[in-house]
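Asks: Give me coordinates for this.
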Amino acid sequence: MVKSRRVDSKLLLLSIMLGSWFLQGNKAAAAAAPTVKQPVDCQLQGGEWAQCLTVDVPENRSKKESRTLSLHVALYKAQAPSKDYAPIYMLAGGPGQAATEGFVPLPETFRRLRQHHDIILIDQRGTGSSHPLRCMRDTDPKWDLLFNEDLALEHSKKCVERLRADTDLTAYTTDAAAHDLEAVRQTLGHKKIILFGVSYGTRLALRYLALYPDAVAKQILEGVLPPSVNFIRERQAAAESLQGIAALCRKDPDCQAWGDPWEHYQKLKLAWARNPKVKVMDPRSGAMKEVVLRPQHIESGINSLLYHPLDMSIVPQVLYEAQAGNLGPLLAKALSSDSGIYDGLYYLLVCAEDMRDLGTPLTDSQKIIAKMCSFLPDTTLPKDFRVQPLSQVPTLYLSGGLDPVTPPRYVESLKASLPQSTHLILPDYGHNISYVSCVQDAMIEFIGSDKAQITPPECLKKMRGLHFFKGAPKT
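Replies: Below you'll find the predicted structure:
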């Protein structure tokens, strides 16, 4: 299963808890020849074996005396290699997820495709073993940072100071990552490549296509984030997802016993607005503590439950428990939603890309993020960053109908610029659908087809991803 977290609910939680996104590079500068160490057998997360190598690239391509970064690359060699099969480069989400962590163990689709295709995982600069940038540490008081804005801002400031000591904070951008991808392609001697991007990885894939249009043979984009979308400003998707779950709940007798999730959600926000000081149990220590709850706390907890059907299925129960006074499950999800993300890179990218054109007025969560971004150096987006790439490259889009952060409607903006495309939608699924067997078969058909488009498989019409938990209290 592809673990793509996240473009997303993480924003609300990290904006309160953490501290610490974009600029630069040009196509000509990216052509500098990288150095490379020879591949060696290596054991990745979970015990899986691959071949690993490092590709050295400049940290800042606009500076002559820039220091060197070593990109960590993992390679799964094809079992029956042939020059007729293009390699597949897998781009992780987040933003801030490492490919060698997010795609390991290798998802079933790509195990099957590995029969003929090499599979390439690159830890994006700032993640994994490619100069990782992290702010939140295991010893940090997550609970206190979640509820104390002043403490969270001070934590952010100290993190930026710590990172600045050995990092050019203007050099960790989507453009820089796209040029890094090109350096790896050139180093490995691949003529044309297939891109598989998930969530933020789709933004990186589309930017790479814009900068290096002749290098891409095909692309699969799951949970699509077009360059024209500012995902911080457009926060309706999560509300639409929860409303969709509520609509399904009203049709399900087992779910109806928990009450209406959307009504519970609205009542919770009103109750907390009237009386924000409440006593709740810290789900990590079991201790009862008095805290001040804000709307972003419930948003963060609920949004974290909207990504996958298993989590989505317990939303009615969690909201029922919360409105009855048991906030533990909701806050536990908020506290755990940052796993797997290199939050330093996350904020470098967010602040540079998506905080630049929010407009006014700002929400409370956006105001907090803006304060955190003030600790970072100013950057300038490339003038064409928001422009959709124009290409005839065959593209397969994958969307969950209840995706809380990259809804299917985002794909509409790309249809004119990428006309050779097929869009597969599973109506009551969340952010990921590539693990579903029916979708896996369609992906493999798309990769192997001589045609630019495929016919959506009949099995998609039969898929139901959301089954609500039974056992609701009798009312």
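Asks: As CSV, could you dump the C-alpha coordinates of stretch 402-418?
Replies: Extracted C-alpha coordinates of stretch 402-418, given in CSV (Å, rounded to 0.1, in the frame of the first residue of the first chain):
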residue,chain,number,x,y,z
LEU,A,402,-13.9,11.8,-0.8
ASP,A,403,-10.2,12.9,-0.9
PRO,A,404,-9.9,15.6,1.8
VAL,A,405,-7.0,17.5,0.3
THR,A,406,-6.7,16.7,-3.5
PRO,A,407,-10.3,16.2,-4.6
PRO,A,408,-11.1,14.9,-8.1
ARG,A,409,-12.2,18.3,-9.3
TYR,A,410,-8.5,19.5,-9.2
VAL,A,411,-7.9,17.2,-12.3
GLU,A,412,-10.3,19.3,-14.4
SER,A,413,-7.8,22.2,-14.6
LEU,A,414,-5.3,19.9,-16.2
LYS,A,415,-7.4,18.3,-19.0
ALA,A,416,-6.8,21.1,-21.5
SER,A,417,-3.0,21.1,-21.0
LEU,A,418,-2.6,17.3,-20.8
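Asks: Give me the mean pLDDT for it.
Replies: Taken as a whole, stretch 402-418 has a mean pLDDT of 94.
Asks: That stretch: how far from the chain's middle?
Replies: 15 Å (C-alpha atoms, centre = their mean, to the nearest Å).
Asks: Give me the nearest residue to residue 149, chain neighbours excluded.
Replies: residue 368 (6.3 Å; C-beta to C-beta, 6 or more residues apart in numbering). No exception for glycine: its C-beta is placed from N, CA and C like everyone else's.
Asks: those strands in the stretch 201-350 of the chain, which residues are they?
Replies: Taking DSSP state E, counting those that start in this stretch, the strands of the stretch 201-350 of the chain run over residues 216-222, 277-281, 288-292.
Asks: Check the stretch 351-475 of the chain too.
Replies: Using DSSP E, counting those that start in this stretch, the strands of the stretch 351-475 of the chain run over 395-400, 421-426.
Asks: quick one: contacts for residue 100?
Replies: 44, 45, 72, 74, 121, 123, 128, 129 (C-beta atoms under 8 Å, 6 or more residues apart in numbering).
Asks: and if we set it to 6 Å?
Replies: 44, 74, 121, 123, 128 (C-beta atoms under 6 Å, 6 or more residues apart in numbering).
Asks: Then residue 89?
Replies: 120, 193, 195.
Asks: my read is it is in a strand, agree?
Replies: Yes: assessed by DSSP: H, G, I helix; E, B strand; the rest coil, residue 89 belongs to a strand.
Asks: Need the winner for burial among the strands of the stretch 201-350 of the chain.
Replies: strand 216-222 (a mean of 24; mean count of other C-beta atoms under 10 Å).
Asks: elements contacting that one?
Replies: strand 193-198, helix 200-211, strand 395-400 (3 or more C-beta pairs under 6 Å, 6 or more residues apart in numbering; DSSP states H and E).
Asks: how about a cut-off of 10 Å?
Replies: strand 88-91, strand 193-198, helix 200-211, strand 395-400, strand 421-426, helix 437-448 (3 or more C-beta pairs under 10 Å, 6 or more residues apart in numbering; DSSP states H and E).
Asks: Kindly export it (C-alpha atoms) in CSV.
Replies: This file holds the C-alpha atoms of strand 216-222, laid out as CSV (Å, rounded to 0.1, in the frame of the first residue of the first chain):
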residue,chain,number,x,y,z
VAL,A,216,9.0,11.8,-19.7
ALA,A,217,7.4,8.8,-21.4
LYS,A,218,4.3,8.4,-19.3
GLN,A,219,3.0,9.5,-15.9
ILE,A,220,0.6,8.2,-13.2
LEU,A,221,-0.6,10.9,-10.8
GLU,A,222,-2.4,9.9,-7.6
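Asks: just to revisit the earlier point, which one of the helices and strands packed on strand 216-222 lies closest to residue 354?
Replies: helix 200-211 (10.2 Å; C-beta to C-beta).
Asks: Let me see the mean pLDDT of stretch 468-475.
Replies: Stretch 468-475 shows a mean pLDDT of 70 in the predicted model.
Asks: brain fart, stretch 300-313
Replies: 90.
Asks: quick one: buried residues of it?
Replies: 300, 301, 302, 303, 304, 305, 306, 307, 308, 309, 312, 313 (16 or more other C-beta atoms under 10 Å).
Asks: Out of the residues you listed, name the ones that lie in helices.
Replies: 300, 301, 302, 303, 309, 312 (DSSP state H).
Asks: Widest-spaced pair of these?
Replies: 300 and 309 (20.1 Å).
Asks: picking up where we left off before, let me have the ones in helices among the buried residues of stretch 300-313 in a markdown table, adding distance to residue 176 as columns.
Replies: As requested, those are exported to a markdown table (distance: C-beta to C-beta, whole Å):
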| residue | distance to residue 176 |
| --- | --- |
| 300 | 29 |
| 301 | 33 |
| 302 | 34 |
| 303 | 29 |
| 309 | 35 |
| 312 | 35 |
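Asks: Nearest to residue 433 among these?
Replies: Once C-beta to C-beta is applied, the member of these that ends up nearest residue 433 is residue 309, at 9.7 Å.
Asks: if we can go back for a sec, nearest to residue 378 among the ones in helices among the buried residues of stretch 300-313?
Replies: The closest of these, once distances to residue 378 are taken by C-beta to C-beta, is residue 300, at 27.8 Å.
Asks: related to what we said a few turns ago, format the contacts of residue 89 as TSV; extra columns: distance to residue 402.
Replies: Output for the contacts of residue 89, formatted as TSV (distance: C-beta to C-beta, whole Å):
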residue	distance to residue 402
120	31
193	31
195	25
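Asks: If any of the residues you listed are buried, put those into a PyMOL selection.
Replies: Of these, the buried ones go into a single PyMOL selection, burial set by 16+ other C-beta under 10 Å:
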select buried, resi 120+193+195
